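Asker: The following block contains a protein sequence and its predicted model.
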Amino acid sequence: MGFPGTWMTESESVIYRVVPKCACSTIGQILYYSDHGRFYDGDIHDADEGLHKWAQEASQPVISRAVTERSAPAFTCVRNPYTRILSSFFDKICGVQRNGKRYRGNLVPMIMQKYGVETGGPDGQAEFDQIRSFRRFLLFARDTIRWKKPMEPDIHWSAVSGHVGTFIANGGRYDHIFWTERFAEGMQTVLDTIETPHPVDLAAIPRFNESAAHGPERAHPVEDYFDDLSMHLVYEIYHRDFELFKYDFENPANKMPVGEIDLDEVHAKLGD
């Protein structure tokens, strides 16, 4: 199976397992900058030069060798399940993508019809009941993950532990896992352990939130979107994320971690 979702600098200074909706655009640009002294002009996910990516066939043997020989440190970044699934809803379901179309073609019309989800009109900017529609979307997300119906789960709302785990199960090992919510601290720890062709001043790096303008603004605090049933569904889908990455299931208003990530525990539980 190899190492899907894995990127590496061309200088082979560091390996990164991409997790969607977890600061991946900013991290990718930092890695690109560390090799080239400039940012990629566009969405880093579209870059087909300047970074090794598993999706590029020529990069696969280079990444495989670096991972299996552990010749470069490997890291990833995780995020609170409550804010991540909310972000996925506003970006991918309500938002118009950068190509001017809805995400995945008929996906949005299908969940509007089958689940009664509203999305804010053709451009995602009209008034609608965000809380009601999000809770209906959450049912859809649960159905895709639990039963793979009416479609396979999408990478943007499948569990973080699933993304993180494929790297481990196929023979990789992480040196660092940090939280999106403490991004500067975590990313600096990674940068402090590697040598790069170009130094990175993290304080001067902009945040590349490629999904920021896609959808409507969130109109309510995070906790307002999650009633008792919604919390139950979130736990059903993401219980491993809460457990392994030390997030607070009991309080959706608290996006910050409540403990330290135990790398040995992560490897033991996701290495099956």
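Answerer: Looks like it came in fine.
Asker: Quick one: the helices in this structure, in order.
Answerer: Secondary structure of the chain (DSSP state H): helices at 24-36, 60-69, 81-88, 107-115, 130-147, 160-169, 183-192, 228-245, 263-270.
Asker: which of the residues in the fifth one are buried?
Answerer: Neighbour-count burial for helix 130-147 flags 130, 133-145 (criterion: 16 or more other C-beta atoms under 10 Å). In this view, the C-beta of every residue, glycine as well, is placed from N, C-alpha and C.
Asker: Let me have the residues you listed in CSV, extended by distance to residue 109 and pLDDT.
Answerer: Listed next are the buried residues of helix 130-147 as CSV, based on distance: C-beta to C-beta, whole Å; pLDDT from 0 to 100:
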residue, distance to residue 109, pLDDT
130, 19, 96
133, 14, 97
134, 18, 98
135, 19, 98
136, 14, 98
137, 14, 98
138, 19, 98
139, 17, 97
140, 13, 97
141, 17, 97
142, 20, 97
143, 17, 96
144, 16, 96
145, 21, 95
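Asker: and which of those is nearest residue 67?
Answerer: Closest approach to residue 67 among these (C-beta to C-beta): residue 145, at 26.8 Å.
Asker: Tell me who's in contact with that closest one.
Answerer: 153, 157, 158, 159, 237 (C-beta atoms under 8 Å, 6 or more residues apart in numbering).
Asker: who touches the residue nearest to residue 1 when sequence neighbours are not counted in this structure?
Answerer: Spatial nearest neighbour of residue 1, excluding adjacent residues (C-beta to C-beta, 6 or more residues apart in numbering): residue 170 at 5.4 Å. Contacts for residue 170 (C-beta under 8 Å, 6+ apart) come out as 1, 2, 3.
Asker: Check pLDDT for those residues and point me to the minimum.
Answerer: Here the lowest pLDDT out of these sits on residue 1, with 74.
Asker: how about residue 89, what does it touch?
Answerer: Residue 89 sits next to 133, 134, 137 when contact means C-beta under 8 Å, 6+ apart.
Asker: hang on, the first one packs against residue 112?
Answerer: No - counting by C-beta atoms under 8 Å, residue 112 is not a contact partner of residue 133; they are 9.1 Å apart.
Asker: does the residue nearest to residue 54 when sequence neighbours are not counted have beta-bridge partners, and which?
Answerer: Of all residues not flanking residue 54 in the chain, residue 6 sits nearest, at 4.7 Å (C-beta to C-beta, 6+ apart). Per DSSP bridges, the residues bridged to residue 6 are residue 17.
Asker: My guess is residue 6 contacts residue 24. True?
Answerer: No - between residue 6 and residue 24 there is no contact under C-beta under 8 Å: 11.8 Å.
Asker: hang on, the earlier thing: with respect to residue 217, which of the helices of the chain lies nearest?
Answerer: helix 130-147 (9.4 Å).
Asker: any chance of the contacts of residue 145 in JSON lines, with distance to residue 105 too?
Answerer: Formatted as JSON lines, these follow (distance: C-beta to C-beta, whole Å):
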{"residue": "153", "distance to residue 105": "17"}
{"residue": "157", "distance to residue 105": "17"}
{"residue": "158", "distance to residue 105": "19"}
{"residue": "159", "distance to residue 105": "24"}
{"residue": "237", "distance to residue 105": "24"}
